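**Q** Predicted model follows, preceded by the sequence.
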Amino acid sequence: MGPSWNTILTALLLSFPTFKLVQSCPNNCSGHGSCGTPGSVCTCFTGWDYTVDCSLRTCPYGPAWSDKAYATDAAHTSTECSGAGACNRRTGSCECFKGYEGSACHRSSCPNGCSGYGICMTLADAGVYFGKDYDSSTQHGGDGVGPSYSNWDAEAIGICACDWGSFGPDCSMKMCPKGDDPITTSQSNRQIRVHVASDGTGLTG
């Protein structure tokens, strides 16, 4: 009597080599990451971590223009394209909505580019270069530098600093000559006296 079919089948199965199945990373990380141990999770390169297979890019982040507060008097969490643009997943660049600009759409555009009659600058710069400069402790002029401003919108809001003779939010309007109204009543004259002295090393006044 010959061997049974069960015996033959067992012998055939034992004669085949065994293989260890190794799970590969999704899409082999698309060439934009490394496949980690045990070989199933991608570690994406910087800027390519939007999806698990590293196939799509992330865009720059900035303070959100509008979001819900996460604590008392705390909001504007860091958000892709600052919530004011759409991320191009192929290039990793923000495509800003109208009125916003910057790599993360984190700045508001100045109206009409200041019409060619001014400079577009942030609130922080406007405070330094054009803000009130006065030293109350000495009752004299300050150091030529205006107050600093560091709230969340310091580098976000763009405003026009108009050239001399121009004004308006976009510097498109022209100022007319100004002078004292000749029919103004109840005015009084004023004198300004300037004292200049020297201590031997420099002038004071």
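**A** That came through fine.

**Q** Tell me how many other residues surround residue 108.
**A** When neighbours are counted by other Cβ atoms under 10 Å, residue 108 registers 19. (C-beta placed from N, C-alpha, C; glycine too.)

**Q** With residue 120 as the reference, measure out to it.
**A** 10 Å (Cβ to Cβ, to the nearest Å).

**Q** swap in residue 54?
**A** Note on residue 54: its distance to residue 120, by Cβ to Cβ, is 38 Å.

**Q** ok, how many other residues are close to residue 173?
**A** Residues lying near residue 173 (other Cβ under 10 Å) number 14.

**Q** from memory it sits against residue 166, does it?
**A** Yes - assessed by Cβ atoms under 8 Å, residue 173 is found in contact with residue 166 at 6.8 Å.

**Q** Looking at residue 20 now. What's its pLDDT?
**A** In this model, residue 20 is scored at 50, pLDDT.

**Q** what ranges do the helices span in the protein?
**A** Assigned by DSSP state H, the helices in the chain fall at 5-15, 123-130.

**Q** Sketch out the low-pLDDT regions of this protein for me.
**A** For the chain, residues meeting the criterion pLDDT under 70 lie at 1-23, 38-39, 134-143, 202-205.

**Q** ok so, going back, so if I had to pick from residue 54 and residue 120, which one is more boxed in?
**A** Using other Cβ under 10 Å as the criterion, residue 54 and residue 120 rank with residue 54 on top: 25 against 19.
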